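Participant: Sequence plus the predicted model coming up.
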Amino acid sequence: MQTNFTNDQLKDKENKSSETIIRKCVHCGMCNATCPTYNILGDELDGPRGRIYLIKDMLENNKPANKKVAKHIDRCLSCYACMTTCPSGVNYMHLIDHGRNHVEKTYKRPFLSRLIRNGLSYTLPNPNIFKILFLISLIFQPIKFILPKFIRNSLDLMPYKLPNKTLKTQKVYPTETKKIARVALLTGCVQRVISPEINESTIRLLNRHGVEVVVLPEINCCGSLNHHLGKSKLAHDSFKKNINLWYEEYLNNGLDAIISNTSGCGTTLKDYGFIFRNDTDLKKKAKKISELTKDVTEYLEESLNLKFKKDDKEYKIAYHSPCSMQHGQKVHSQPINLIKQSGNKVFDIPEGHICCGSAGTYNILQQEIAKNLLKDKVKNIEKIAPDFISTGNIGCMTQISSGTNIPIVHTVEIIDWLTGGPKPYKLKNL
Ligand code: SF4
Ligand code: SF4
């Protein structure tokens, strides 16, 4: 695609990167075929190609975003299905991140929209504040039918009760056998509150296989929630804190990997190197953190020799591949291969490349589109009629479980269970 940035504009390193991305686009429109929002809304501006044009126009002409541009940029899920489809290698992820930051800096949203977005940006990345929000939600659950639709739908995504923790919170979880490696685990912000069993399974499984796990208590959020809300200052504060803390741990005590068991967070961690590519102080550290980051299934497959025990029953498992995992990190076969090793039947969900509608805060901010996507996802899952669903992202787990009674568990919980750990509590009736 031809671009018309001036030399002065290209002195800005963000503009320079975006220009390189835009120039790769040959406007063939193939990406529209797999874009969920284009398929639902049928508007060119709700597809990747249209959004590329909108971002190009704002950046080249130094234009502030307006209501129309913000609407179409906000409707993007950041699912990156378009990146998998694009034959030209357009890095849409970096472009939409730049576009979102520009919208946030130059467009004043209506008061209610600002209030909701600021509320999400403040509560979700802070586990203690999120716990308070959860307690407040319990008061409103019984009377939600009288509340406005937006709040009712948001409450539908909140759990009714929090599972009991089975592992004591500590900084270092030592191995049960001879130590072969040492990794840091990102325990996440929302995940550690609503599904502590995911981190517990990860720690138990790694410890049982000779891997010491360190959880740095100062690290809460990876920063991606704010990153995708276009709140770059808050996101960068989290990024910098995490990079410095993990790098210090890496230098002082050694780390073989940084494990993420939430694919949305893993995608952002793997992007720290790019985000700080022009920062003289953090460049080297951020690159190292990104290089060390692995999705838990990637690490298990590459680094450990797991011995599976066959359960009495053979289960039919539907594998939901989170967008951030399959399109963002290109990790798809690893979780499937691992579950298959347990002797169970694993099925890809039809139309599995399409998002379930979770996408960070998308199912709160774009409820109608998210509900449409959820309906299709559940319909496709039901075609398989699985005993349960496996996935690798807490956001997808929350979204899908709001639309079906089929149990959904994290892949690491299944692997932990089938290599000697406890059966996931959600599967106790199977
Ligand atoms: S598929 Fe790639 S090259 Fe074609 S329009 Fe989409 S982004 Fe541009
Ligand atoms: S990231 Fe997803 S929703 Fe956004 S343009 Fe690409 S395919 Fe469409």
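Facilitator: Thanks, I have it. Ligands and ions are numbered 1, 2, ... in the order given.
Participant: nearest spatial neighbour of Ser17, skipping sequence neighbours?
Facilitator: His94 (6.4 Å; CB to CB, 6 or more residues apart in numbering). C-beta: built from backbone N, CA, C; applies to glycine.
Participant: And that neighbour, which helix or strand is it part of?
Facilitator: Taking DSSP states H and E as the definition, His94 sits inside helix 92-106.
Participant: so what secondary structure elements neighbour that helix?
Facilitator: helix 13-24, helix 48-60, helix 67-74, helix 81-85, helix 224-228 (3 or more CB pairs under 8 Å, 6 or more residues apart in numbering; DSSP states H and E).
Participant: before we move on, the earlier item: check the gap between the residue nearest to Ser17 and Asn32 for me.
Facilitator: 20 Å (CB to CB, to the nearest Å).
Participant: Check the stretch 201-350 of the chain for the residue nearest ligand 2 and tell me.
Facilitator: Among all residues of the stretch 201-350 of the chain, Cys323 sits closest to ligand 2, at 7.3 Å; criterion: CB to the nearest ligand atom.
Participant: Quick one: residues contacting the residue nearest to Ser17.
Facilitator: 17-18, 21, 274 (CB atoms under 8 Å, 6 or more residues apart in numbering).
Participant: hang on, the earlier thing: tell me the spacing between the residue nearest to the residue of the stretch 201-350 of the chain closest to ligand 2 when sequence neighbours are not counted and Lys71.
Facilitator: The shortest distance from Cys323 to any non-neighbouring residue, by CB to CB, 6+ apart, is to Cys79 (3.8 Å). Distance of Cys79 to Lys71, given as CB to CB: 18 Å.
Participant: So which of these two has more stuff around it?
Facilitator: Legend: neighbour count by other CB atoms under 10 Å for Cys79 and Lys71, higher for Cys79 (28 against 13).
Participant: Where does the more buried one fall, secondary structure wise?
Facilitator: Going by DSSP H and E, Cys79 is not in any helix or strand.
Participant: was I right about it contacting Ser321?
Facilitator: No. Applying CB atoms under 8 Å, one finds Cys79 not in contact with Ser321, separated by 11.2 Å.
Participant: Deepest in the core, which of the helices and strands packed on helix 92-106 is it.
Facilitator: helix 224-228 (a mean of 24; mean count of other CB atoms under 10 Å).
Participant: now check that one, is it near ligand 2?
Facilitator: No. Helix 224-228 lies out of reach of ligand 2 by CB under 6 Å from any ligand atom, never closer than 10.8 Å.
Participant: quick one: that helix to chain centroid distance?
Facilitator: 10 Å (CA atoms, centre = their mean, to the nearest Å).
Participant: Now do it, average pLDDT.
Facilitator: Averaging pLDDT along helix 224-228 yields 94.
Participant: and it, what other elements does it pack with?
Facilitator: Short answer (3+ CB pairs under 8 Å, 6+ apart): helix 224-228 packs on helix 92-106, helix 111-123, helix 232-253, helix 263-269.
Participant: After the longest one, which helix or strand is next?
Facilitator: Spelled out, that is helix 232-253. Where DSSP H and E defines the elements, the next helix or strand beyond helix 232-253 is strand 257-260.
Participant: what does the second one give?
Facilitator: Under the assignment DSSP H and E, the closest C-terminal helix or strand after helix 111-123 is helix 127-140.
Participant: in the next helix or strand after that following helix, what's buried?
Facilitator: Heading C-terminal from helix 127-140, the first helix or strand you meet, by DSSP H and E, is helix 149-156. Buried residues in helix 149-156, counted by 16 or more other CB atoms under 10 Å: 153-155.
Participant: Mind giving me the packing neighbours of helix 149-156?
Facilitator: helix 127-140, helix 367-384.
Participant: Can you tell me which of these is packed in deepest?
Facilitator: helix 367-384 (a mean of 18).
Participant: The next helix-or-strand element following that one packs against which elements?
Facilitator: Remark: after helix 367-384, the chain's next helix or strand is strand 388-391, criterion DSSP H and E. Helices and strands touching strand 388-391, by 3+ CB pairs under 8 Å, 6+ apart, are strand 316-319, helix 394-401, strand 408-410, helix 411-418.
Participant: Quick one, grab the pLDDT at the residue nearest to Cys323.
Facilitator: On the pLDDT scale, Cys79 gets 97.
Participant: Next, find the distance separating it from Gly395.
Facilitator: 11 Å.
Participant: quick one: common contacting residues for those two?
Facilitator: Common neighbours of Cys79 and Gly395 (CB under 8 Å, 6+ apart) are Ala359.
Participant: who's in contact with the residue lying closest to Asp256 once chain neighbours are set aside?
Facilitator: Nearest residue to Asp256 in three dimensions, chain neighbours excluded: Ala181, at 4.3 Å (CB to CB, 6+ apart). Going by CB under 8 Å, 6+ apart, Ala181 touches 210-212, 256-257, 303.
Participant: swap in Leu124?
Facilitator: 130, 189-190, 221, 225, 361.
Participant: quick revisit: tell me how far the residue nearest to Ser17 lies from Lys13.
Facilitator: 12 Å.
Participant: helix, strand or coil for whichever residue of the stretch 301-430 of the chain sits closest to ligand 2?
Facilitator: Here the stretch 301-430 of the chain gets closest to ligand 2 at one residue, Cys355, 6.7 Å apart by CB to the nearest ligand atom. Three-state call for Cys355 (DSSP: H, G, I helix; E, B strand; the rest coil): coil.
Participant: so it touches Pro36, yeah?
Facilitator: Yes. Between Cys355 and Pro36 there is a contact at 5.1 Å, judged by CB under 8 Å.
Participant: Now do the shared contacts for the two.
Facilitator: With CB under 8 Å, 6+ apart, Cys355 and Pro36 have common neighbours 77, 79, 81, 373.
Participant: which one among the residues you listed gets closest to Leu205?
Facilitator: Cys79 (28.3 Å; CB to CB).
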